[in-house]
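Colleague: Show me the folded form of this:
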Amino acid sequence: MTWFIDAEVMEEKARLLRNKRNLSFRCWRNHLYSHYFGSKKVRETWWRKLLLLWVVGWVLCSLWIFMFMSSHANEKRRETLANMCDERARMLQDQFNVSMNHLQALAILVSTFHHSKHPSAVDQMTFARYADRTAFERPLTSGVAYAVKVLRSEREQFEKQQGWTIKKMYSSKQSPNRENGRVREIQEISPPAEEYAPVIFAQDAYKHVVSLDMLTGKEDRENILRARESGKGVLTAPLQLVKSNRLGVILTYAVYKSDLPSNATPTERIQAAIGYLGGIFDIESLVDKLLHQLACNQSIIVDVYDTTNGKISMYGSNETASGLYHKSMLNFGDPLRKHEMHCRFKQKPPLPWLGITTSIGALVIALLIGYIFHATVNRIVKVEDDYREMMELKKRAEAADVAKSQFLATVSHEIRTPMNGVLGMLQMLTDTNLDITQQDYVRTAQASGKALVSLINEVLDQAKIESGKLELEAVPFDLRAVLDDILSLFCGKAQEKELELAAFVSEQVPETLIGDPGRIRQIITNLIGNSIKFTEKGHIYLTVHLVEEVMIPLEVETEAQPMSTVSGFPVADRRKSWERFKIFNKEFSTLEKPFPATSPDQINLIISVEDTGAGIPFEAQSRVFTPFMQVGPSISRIHGGTGIGLSISKCLVNLMKGEIGFASKPQVGSTFTFTAVLSRAKTNSTEYKSFEFRGLTALVVDHRPARAKVTKYHLERLGMHVDFSTNFSLVLPKITSGNLGLKIVLVDKETWLKESSQWPIFMNKLRIGGQLDIPKLFILANSSSPIKSSSLSSNGKKAIALLTPPHDFDACFMDIQMPEMDGFEATRRIREMETTLNDRIQHKEVSLEACGNKLHWHIPILAMTADVIQATHEECLRCGMDGYVSKPFEGEQLYREVARFFNITVKN
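Modeller: Numbers count the residues shown, from 1 in each chain. Below is the predicted model:
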């Protein structure tokens, strides 16, 4: 056991040592990086060197690519030239060999039919005709001729037999006569010799060589001697053809006696020789003909040379080839003579565009990659710097935000403490004996104090939300009771503006829920308050459902048809207010359980507030939930407000794990919808239901289904059994028959007036039917608006309307900062109206009775503002005000200013 513990201790020590080494290595690496690369200047220097090395390296690489591709292109060009030259040499050589074979066959033919037959079967005409007809078999020969061997002793007999004398090939004399522009040579008789070789047969094109002694020509003599000695075809050196300026060669074959053995010695061949067959090759025309047979004959230049004794041009120019050229060897069957074919391209080699474009493209790509890396590195460095700066600014902003939140919380607390005392004292003051005027003063003070406390609460909530210190309660509450309190709060304002304020809660919503009733009240109060503020006609409709219900069209009215609304005015489609909620997207992706709850007791509520107000302009809808932002600068002037209510509502909804959205259409209305996750309470609701109405059966008749549904909802909360109908004619027979057991019939006023012809019939039938328990009939109508005071105005426009002369007011207390029109502009317009009326009175355009029996109209106007700077005081005097009081003010100060208007003596 001790050994086991010691082993564990040793293992733990080894692990600690390894961690220490790893930690020290990491620290050393971080130190090295921060020392050598951590400095921004060092990083920039290293990066510039690396970038320069990258550019230089790729410039050299692109040059290597260019040189490699250029050499590859030259090698390919050289290979192409070699192939083309070898092809031409091979074709020329093959055709020459074919011609040689046919000449050899012709030599055998002459030996057979001329020397072996007596008399000879061949003459000049036969030979010429045969040679012409078989010329296609010798494509490279331009002519053939046959010379016979004649000894000196046989010359005279031979000349008599042929009818002409043997002549020399080349004459030393020329005739003065010209033929075809050339000087005609005079043929000389061949001098005596041991042996002659006169031409006896020739192709028609070369008939002029007949009778010429071939042994009198130097090249021809050598060819004949070598041909009869070797027994093979022998070529001459390039020579100028007789009566032609073109170069050519002559191929000579010896004709032997038929009994010559195949292994004969040179001496035996010389003695057995009886004639010589020569083929004339016009090299220039032959090579031209060959090149024209090729499709690409114009792409290269071909030169043919005899290199036996030096370099003799047989075809082409004598210019020395410069640049790229190729040499191909030619074998014409004569081992003693050597021939070559030189080829070169006609045109200069083109620029290696592929190498140029490839090298430039590679360089451009490399430069672009380098630029991308350079921009990326700079961007990363800039992002890192910006991130560090942003984190520093974030820390400062967070510290400032915490300080601001602490300041707001402290200031709000310090303000609320004395305000609670003020409101408490005012509440105690209302319990004392006060006259009507004093009670009005106390109520005004209480309303102002409550408004201030509400504003402080909003600011404090915003501060708590920003600091993350706002927490929700989880207590049981009755949602329907909370909605009743909210509706009673706004009932008076709705009646003042003659609006229909209605609420409906679905039967599937539990009576008791667990959540934060105060925050739910705050959200709904804010939404209904905004609707009251921006709605001048129509209705405001609050609905509460389970999220599962809104997907069933029969349970929730989602169509925005005018007749299906509470007031009959068109509204924004409420479906658009929740179409982007995540919970509904989850519904579309699942089929069986669209809204899975985290626990069986949790429920998802969806609450909507619908109004027929001014709506929100499309360009302002994106900033609706932004703190301290309003639709436009005129909104705060006309309706007032700070612009943080919706922002706070959105934060509260998020804390309730819900979402908030809206749908709005200008000049139609808005619908705000939010969801909230609450829990079911274990206890039942303690909602009061009157035993007086429990069990009664009632019928609601209203041509608007939505409004009838609201009425049914409130009556059922009293314990009544309620049915409703939108068409009174359908339910009239059932009512008069008494089968329904109705106790109460509630008819909407508009429906009553619309069906006015049916009600007398209905009443008569009830009387005639003799029912013992006749149902009571109630007419449902909105209560009338309260009487408004004519001595109080909430904005400048109303003040102008009240103070248009003539009027009964003696003085005016003008607030500078008023909605819709400020005090400065209102005072200017009042003074303009007074000046206009005084001018008309002075010119007697109106009577004194019509002007209130006053010769001069000027109502004293006292400015009231919290601004104490001198510029504001001067602006008040310039626009025509008579006095100036700074808020907050004491009663004595106000009395002193008013006394100046009416010459009242002020006593302490």
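Colleague: can I see the domain layout of the protein?
Modeller: 80-169+189-345, 370-438, 472-551+565-584+600-683, 705-786+793-902 (the TED database).
Colleague: any idea of the mean pLDDT in the longest one?
Modeller: Read that as domain 80-169+189-345. Average pLDDT, domain 80-169+189-345: 84.
Colleague: Also the shortest one?
Modeller: With pLDDT averaged residue by residue, domain 370-438 scores 82.
Colleague: For residue 344, what is the enclosing helix or strand?
Modeller: Per DSSP states H and E, residue 344 falls inside strand 339-345.
Colleague: next one: the next helix or strand after that strand to chain centre, how far?
Modeller: Later in the chain than strand 339-345, the nearest helix or strand by DSSP H and E is helix 353-430. Helix 353-430 has its C-alpha centroid displaced from the chain centroid by 27 Å (CA atoms, centre = their mean, to the nearest Å).
Colleague: Mind listing what's buried along the next helix or strand after helix 353-430?
Modeller: Sequence order places helix 436-467 as the next helix or strand after helix 353-430, per DSSP H and E. Buried residues in helix 436-467, counted by 16 or more other CB atoms under 10 Å: 442, 446, 449, 453, 456, 458-467. In this view, the C-beta of every residue, glycine as well, is placed from N, C-alpha and C.
Colleague: Select the longest strand from this protein.
Modeller: Counting by DSSP state E, the longest strand found in the chain is strand 669-680.
Colleague: Might you report the residue contacts of the residue nearest to the spatial centre of the chain?
Modeller: The C-alpha lying nearest the average C-alpha coordinate of the chain belongs to residue 372 (CA atoms, centre = their mean; 20.8 Å). Not one residue lies near residue 372 by CB atoms under 8 Å, 6 or more residues apart in numbering.
Colleague: For residue 365, see how far away it is.
Modeller: The spacing between residue 372 and residue 365, counted by CB to CB, to the nearest Å, is 10 Å.
Colleague: picking that back up, helices or strands up against the strand holding residue 344?
Modeller: Contacts defined by 3 or more CB pairs under 8 Å, 6 or more residues apart in numbering; DSSP states H and E place strand 339-345 against helix 40-110, strand 300-306, strand 325-330.
Colleague: what angle separates that strand from strand 300-306?
Modeller: 160 degrees (axes from the mean of the first three to the mean of the last three CA atoms, to 10 degrees).
Colleague: Pull the residues that contact strand 339-345.
Modeller: Contacts of strand 339-345 (CB under 8 Å, 6+ apart): 77, 81, 84-85, 88-89, 92, 299-307, 314, 316, 321, 323-332.
Colleague: now the residues you listed: which count as buried?
Modeller: Among those, those scoring as buried are 81, 84-85, 88-89, 92, 300-306, 314, 316, 325-326, 328, 330, 332 (criterion: 16+ other CB under 10 Å).
Colleague: in stretch 93-104, what's buried?
Modeller: Across stretch 93-104, burial judged by 16+ other CB under 10 Å covers 93, 95, 96, 99, 100, 102, 103, 104.
Colleague: Same check on stretch 645-661?
Modeller: Buried residues in stretch 645-661 (16+ other CB under 10 Å): 645-653, 656, 658-661.
Colleague: Out of the residues you listed, which is nearest to residue 819?
Modeller: residue 645 (16.9 Å; CB to CB).
Colleague: Which of the buried residues of helix 436-467 sits closest to residue 567?
Modeller: Relative to residue 567, and with distances defined as CB to CB, the nearest of these is residue 458, at 30.0 Å.
Colleague: Now do the contacts for residue 135.
Modeller: With CB under 8 Å, 6+ apart, residue 135 has these contacts: 141, 203.
Colleague: thinking again about what came up before, which of the buried residues of stretch 645-661 fall within strands?
Modeller: Reading strands off the buried residues of stretch 645-661 with DSSP E, I get 660, 661.
Colleague: how about the buried residues of stretch 645-661 in a markdown table, adding distance to residue 213?
Modeller: Formatted as a markdown table, the buried residues of stretch 645-661 follow (distance: CB to CB, whole Å):
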| residue | distance to residue 213 |
| --- | --- |
| 645 | 136 |
| 646 | 132 |
| 647 | 131 |
| 648 | 135 |
| 649 | 134 |
| 650 | 129 |
| 651 | 131 |
| 652 | 135 |
| 653 | 131 |
| 656 | 134 |
| 658 | 131 |
| 659 | 126 |
| 660 | 129 |
| 661 | 125 |
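Colleague: Next, format the buried residues of stretch 645-661 as CSV and append pLDDT.
Modeller: CSV is the format used below for the buried residues of stretch 645-661 (pLDDT from 0 to 100):
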residue, pLDDT
645, 82
646, 88
647, 86
648, 86
649, 89
650, 90
651, 89
652, 90
653, 92
656, 91
658, 93
659, 93
660, 93
661, 93
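Colleague: partner strands of the strand holding residue 344, parallel or antiparallel?
Modeller: strand 300-306 (antiparallel), strand 325-330 (antiparallel) (DSSP bridges).
Colleague: The first one: what's the following helix or strand?
Modeller: Spelled out, it's strand 300-306. Next along from strand 300-306, by DSSP H and E: strand 312-315.
Colleague: Now do that following strand: which elements does it pack against?
Modeller: For strand 312-315, the packing partners by 3+ CB pairs under 8 Å, 6+ apart come out as strand 247-256, helix 283-292, strand 300-306.
Colleague: Looking at those, which one is packed in the most?
Modeller: strand 247-256 (a mean of 24; mean count of other CB atoms under 10 Å).
Colleague: Figure out how far that one is from the centre of its chain.
Modeller: For strand 247-256 - counting by CA atoms, centre = their mean - the centre lies 85 Å from the chain centre.
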